[in-house]
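Engineer: here's my sequence, what's the structure:
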Amino acid sequence: DQENSLSIAHRRTRLVQRAIEALAAEGHSAFRPSDVANHLRVSNQPLGVWEVRGEFSSLEAAGVIVLDPATGAWRLAATDARKAG
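Structural biologist: This next block holds a predicted model:
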């Protein structure tokens, strides 16, 4: 059961990461959890903003995204850091 929980958590993290990458491909250099939640909703894969924000913490720890404290917006980290994941 713990293994199943881990796979669900991993799937959710990957889902959020793919949504962020899609937003970046559309030209969004900065984004907020609500932007990602809206993208997922439109893609028929809704998650709550609080769930997305939780995944941001995981993605930040993995070096995928970084927070700009001055604006409160997030952006993708350097490409080299993301390749590790």
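
Engineer: worst mean pLDDT across the helices and strands of this protein, which element?
Structural biologist: helix 79-83 (a mean of 54; mean pLDDT, DSSP states H and E).

Engineer: which intervals of the protein have sub-threshold pLDDT?
Structural biologist: Residue ranges of the chain with pLDDT under 70: 1-3, 79-85.

Engineer: excluding chain neighbours, give the residue nearest to A73 in space.
Structural biologist: Distances taken as Cβ to Cβ, 6 or more residues apart in numbering place A30 nearest to A73, at 3.8 Å, with adjacent residues excluded. For glycine as for every other residue, the C-beta is placed from the backbone atoms N, C-alpha and C.

Engineer: count the neighbours of that neighbour for me.
Structural biologist: If you count neighbours by other Cβ atoms under 10 Å, A30 ends up with 14.

Engineer: for it, list the residues it contacts.
Structural biologist: By Cβ atoms under 8 Å, 6 or more residues apart in numbering, the residues touching A30 are 68, 71, 73-75.

Engineer: among those, name the buried ones.
Structural biologist: Among those, those buried by neighbour count (16 or more other Cβ atoms under 10 Å) are W74.

Engineer: so which of the contacts of A30 belong to strands?
Structural biologist: Under the assignment DSSP state E, those contribute 68, 73-75 to strands.
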